[in-house]
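Engineer: Prediction below, plus the sequence it came from.
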Amino acid sequence: EKLKKLSPTGTASSPPKKKYRSAHWFQRTDERGMHNIYIDRYLNYGLTKEELTSGKPIIGIAQSGSDIAPCNRHHLELAKRVREGIRAAGAIAFEFPTHPIQETTRMPTATIDRNLSYLTLVELLYAYPFDGVVLLTGCDKTTPAALMAASTINIPAICLNVGPMLNGWLNGKRIGTGTITWEARELHSAGRINDEEMVDMVTSGSPSVGHCNTMGTASTMNALAEALGMALPGSAAIPAAYRQRGQMAYETGVRIVEMVKNDRKPSDILTREAFENAIVANTAIGGSSNAPIHLNAIAKHIGVPLHLDDWDRIGFSIPLLVNMQPAGEMLSEDYYRAGGLPAVMAELLEAGKLPHPDALICTGGTMGEAVKGKHTWDRQTIKPFSDPMIQDAGFLHMTGTLFDSAIMKTSVISQEFRRIFLENPDDPNAFEGPLAVFDGPEDYQARLEIAPIDSRTILVMRGTGPLGYPGAAEVVNMHAPGRLLKQGVRELPCIGDGRQSGTSGTPSILNATPEAADGGNLALIRDGDRLRVDLTKRRVDILVPAEELDARRKELEAKGGYPIPPSHTPWQDIFRREVGGLSEGMVMKKAVQFQRVAQT
Ligand code: FES
Ligand code: MG
């Protein structure tokens, strides 16, 4: 009997006991024949030898919340329920911190930390005895950073969103985080509110724990984690403060243990099919213009080819179904009660527009099975496919002589904008205009009110890409100067090599690659030059003779090129040396050579 028990293959009667990756640490004999020496320090806070040598899976809880990351801070509470789920399903939990990424505070920009958080999480997942991991996500970049790392490592992984805040309210009106900031800034610039009123207005959007309650980058990326199959169906939209959020934390803990037992790895879920489902979902929810950057980065790390042309080809013709700020009126509590992502996917599925209902998801089933029949009862918040908010609501992939690649989110183009810029009988989808060119947000703040800008000017922001800022700043959403705002002209088209907040409704052409600081033609244009934008042909062209542009390039090169401010920290310097452009997901170029490194 004793022999049977010790038999490594278990041939006698029981099926062979599965050895997990953690056995390499905790069930190991070293060169001198010492057993399990690695368990030592994990006993010193109360775990027992029996637990650690039982052969049960070890599950990491990648904790992204802390006092300096308030959007994700509620995870400190939720992790307890995750842990209980893991324990109930027969595994052992190790919670550990990830590098924080707080969108609203991190200087010079939070984006620079997406890749740092990615790199450090890769190291932790590689180097410690994890058989699987629960990725605690939320604020904008915390979700892609975690999914990028899980892709590189390729051990079983599942996302749990912290959940959005409750709806914000002011004077009986829904106030959405981020979106209200842009509105308040405009009112302030037009002289209609003072400093104090601006702060009160902005903070009324944030009434509880959780991430932004608009369809900004946080709501988007967590919806896409679910659309990819990497989070439990229906989990992304649950508000942070709702009891269902804690219950979902428990379910997620239970689920990851099953995934480990079945060896369901990110590479089984993050297939080309899953990315195509996510692109379609992104249009239907009115997802952030940061989504292509982050999704393309995840695809690069898991080794799935994905290009911005795919976004245009697969995603553009999909309608906007979700009536949520910034493209619509409602907020995340409404969206959750209306059914969240499963209700949106049910619309797409029934219309035959979900490209891959058979895509495998973290439950072990398929996306189609998970969302079938989950239609909403709230048609104000989630529109039927046959009567959407907007038709053809996806991103356009733009090219031309100003840049090789940029995107435009069409779902936020307002009627007013269409009237001023697009209603040209010759070509209703094209416009031309003179430029006002700003070198970074500081220049914009200093010159907005004095630069030559009228109601048909195109605003250009440069020096704000991954090299220029560094990390690519969310500053391309610019508003008109105060004198125009007072006349009722709110929206001018914006173009830039930086990004735009997902909570912004400005009609912009973003993420232009190559950026000015990387030799892009954006560096050559000047105030008063003209551009032609053609949305049908997907082109942005500089209306300046080629010889003139050549002369300007020579002049710029003689001066040493477009000025890049110095790096102030070691990471800024390393980031600048290793990073690729926004159109390629802004990944660390060398990091994508490492794929599926912990596959066992
Ligand atoms: Fe953190 Fe919006 S700032 S989610
Ligand atoms: Mg944001």
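Structural biologist: Everything's here; your move. Ligands and ions are numbered 1, 2, ... in the order given.
Engineer: switch to C-alpha atoms for all contacts and neighbour counts from now on
Structural biologist: Will do.
Engineer: What residues does the chain have near ligand 1?
Structural biologist: Taking Cα under 6 Å from any ligand atom as the contact definition, the chain meets ligand 1 at 71, 103, 104, 139, 140, 211, 212, 218.
Engineer: Out of those residues, name the ones that lie in strands.
Structural biologist: Here DSSP state E is the test, and the residues of the chain next to ligand 1 give no hits in strands at all.
Engineer: Of all pairs in the residues you listed, which one spans the longest distance?
Structural biologist: With distances taken as Cα to Cα, the most widely separated pair in the residues of the chain next to ligand 1 is 104 and 218, at 12.2 Å.
Engineer: Any quick PyMOL command for the buried ones out of the residues of the chain next to ligand 1?
Structural biologist: Remark: buried members of those, expressed as a PyMOL selection using 16 or more other Cα atoms under 10 Å:
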select buried, resi 71+103+139+140+211+212+218
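Engineer: now the residues of the chain next to ligand 1 as a markdown table including distance to residue 546?
Structural biologist: Shown next, in a markdown table, are the residues of the chain next to ligand 1 (distance: Cα to Cα, whole Å):
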| residue | distance to residue 546 |
| --- | --- |
| 71 | 48 |
| 103 | 40 |
| 104 | 41 |
| 139 | 44 |
| 140 | 40 |
| 211 | 47 |
| 212 | 45 |
| 218 | 42 |
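Engineer: now, which of the residues of the chain next to ligand 1 sits nearest residue 304?
Structural biologist: residue 140 (22.3 Å).
Engineer: which residues are in contact with stretch 291-301?
Structural biologist: Residues from elsewhere that reach stretch 291-301 (Cα atoms under 8 Å, 6 or more residues apart in numbering): 144, 147-149, 151-152, 217, 220-221, 270, 275, 282, 305-308, 311, 582-587, 591-592, 594-595.
Engineer: So which of the residues you listed are in helices?
Structural biologist: 144, 147, 148, 149, 151, 152, 217, 220, 221, 275, 282, 308 (DSSP state H).
Engineer: Now for the fourth one: which residues touch it?
Structural biologist: Taking Cα under 8 Å, 6+ apart as the definition of contact, the neighbours of residue 149 are 118, 119, 121, 122, 301.
Engineer: what's the answer for residue 524, then?
Structural biologist: For residue 524, the contacting residues are 549, 552, 553, 556, by Cα under 8 Å, 6+ apart.
Engineer: Of those - the most surrounded one?
Structural biologist: The most neighbours of any of the contacts of residue 524, using other Cα atoms under 10 Å, belong to residue 553, which has 19 neighbours.
Engineer: Please flag which of the residues of the chain next to ligand 1 sit within helices.
Structural biologist: Among these, the members falling in helices (DSSP H) are residue 218.
Engineer: circling back: which of the contacts of residue 524 lies closest to ligand 1?
Structural biologist: Out of the contacts of residue 524, the one with the shortest distance to ligand 1 is residue 556. That distance is 37.0 Å, counting by Cα to the nearest ligand atom.
Engineer: sorry, back to before: can the contacts of residue 149 go into a markdown table with extra columns for pLDDT?
Structural biologist: Putting these into a markdown table (pLDDT from 0 to 100) gives the following:
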| residue | pLDDT |
| --- | --- |
| 118 | 98 |
| 119 | 98 |
| 121 | 98 |
| 122 | 98 |
| 301 | 98 |
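Engineer: Just flag the most distant two among the residues you listed.
Structural biologist: 121 and 301 (13.4 Å).
Engineer: what ranges of the stretch 401-550 of the chain fall below the confidence cut-off?
Structural biologist: Of all residues in the stretch 401-550 of the chain, none has pLDDT under 70.
Engineer: Any idea which residue of it lies closest to ligand 1?
Structural biologist: Taking Cα to the nearest ligand atom as the measure, the stretch 401-550 of the chain has residue 503 as its residue closest to ligand 1, at 8.1 Å.
Engineer: ok, back up a step: name only those of the contacts of stretch 291-301 that count as buried.
Structural biologist: When burial is judged by neighbour count using 16+ other Cα under 10 Å, the buried members of these are 144, 147-149, 151-152, 217, 220-221, 270, 275, 282, 306-308, 311, 582-587, 591-592, 595.
Engineer: Show me what whichever strand in the chain runs longest packs onto, helices and strands only.
Structural biologist: The strand spanning the most residues in the chain, taking DSSP E as the definition, is strand 430-439. Identification of packing neighbours for strand 430-439 by 3 or more Cα pairs under 8 Å, 6 or more residues apart in numbering; DSSP states H and E yields strand 458-462, strand 530-534.
Engineer: by contact count, what packs against whichever helix or strand comes after the first one?
Structural biologist: Sequence-wise, the next helix or strand downstream of strand 458-462 (DSSP states H and E) is helix 482-486. Using 3+ Cα pairs under 8 Å, 6+ apart as the contact criterion, the neighbours of helix 482-486 among helices and strands are helix 179-189.
Engineer: so whatever helix or strand comes next after the helix it packs on versus helix 179-189, what angle?
Structural biologist: Per DSSP H and E, helix 179-189 leads on to helix 195-203 as the next helix or strand towards the C-terminus. Regarding helix 195-203 and helix 179-189, their directions subtend 160 degrees when assessed with axes from the mean of the first three to the mean of the last three Cα atoms, to 10 degrees.
Engineer: Which residue ranges of the stretch 1-150 of the chain form strands?
Structural biologist: Under the criterion DSSP state E, counting those that start in this stretch, the stretch 1-150 of the chain contains strands at 58-63, 92-97, 132-137.
Engineer: Show me how far the second one is from its chain's centre.
Structural biologist: The one in question is strand 92-97. On the basis of Cα atoms, centre = their mean, to the nearest Å, the separation between the geometric centre of strand 92-97 and that of its chain is 24 Å.
Engineer: Show me which pair in the ones in helices among the contacts of stretch 291-301 is furthest apart.
Structural biologist: Greatest spatial distance among the ones in helices among the contacts of stretch 291-301 (Cα to Cα): 152 and 282, at 23.5 Å.
Engineer: Three-state assignment for residue 396, please.
Structural biologist: Taking DSSP: H, G, I helix; E, B strand; the rest coil as the rule, one finds residue 396 in the strand state.
Engineer: Excluding chain neighbours, give the residue nearest to the residue in the stretch 51-200 of the chain positioned nearest to ligand 1 in space.
Structural biologist: Checking the stretch 51-200 of the chain residue by residue against ligand 1 with Cα to the nearest ligand atom singles out residue 139 as nearest, at 3.7 Å. Take residue 139 and drop its neighbours on the chain: the residue closest to it by Cα to Cα, 6 or more residues apart in numbering is residue 218, 5.0 Å away.
Engineer: Give the buried residues for the longest helix along the chain.
Structural biologist: Of all the segments assigned as helix in the chain under DSSP H, the longest by residue count is helix 243-261. Within helix 243-261, the residues that qualify as buried by neighbour count (16+ other Cα under 10 Å) are 245-246, 248-261.
Engineer: thinking again about what came up before, out of the helices and strands packed on strand 430-439, which one sits most buried?
Structural biologist: Looking across those with neighbours counted as mean count of other Cα atoms under 10 Å, the highest average goes to strand 458-462: a mean of 26.
Engineer: who's in contact with that strand?
Structural biologist: Under Cα under 8 Å, 6+ apart, the answer for strand 458-462 is 433-441, 444, 475-476, 478, 492-498, 515-516, 522-523.
Engineer: Report the inter-axis angle for that strand versus strand 430-439.
Structural biologist: With the same axes, to 10 degrees as the basis, strand 458-462 and strand 430-439 are set at 40 degrees to each other.
Engineer: can you pull the contacts of residue 143?
Structural biologist: Residue 143 sits in contact with 136, 137, 159, 218, 221, 222, 225, where contact means Cα under 8 Å, 6+ apart.
Engineer: List the contacts of the residue of the stretch 51-200 of the chain closest to ligand 1.
Structural biologist: Residues in contact with residue 139, defined by Cα under 8 Å, 6+ apart, are 71, 72, 101, 102, 103, 211, 212, 217, 218.
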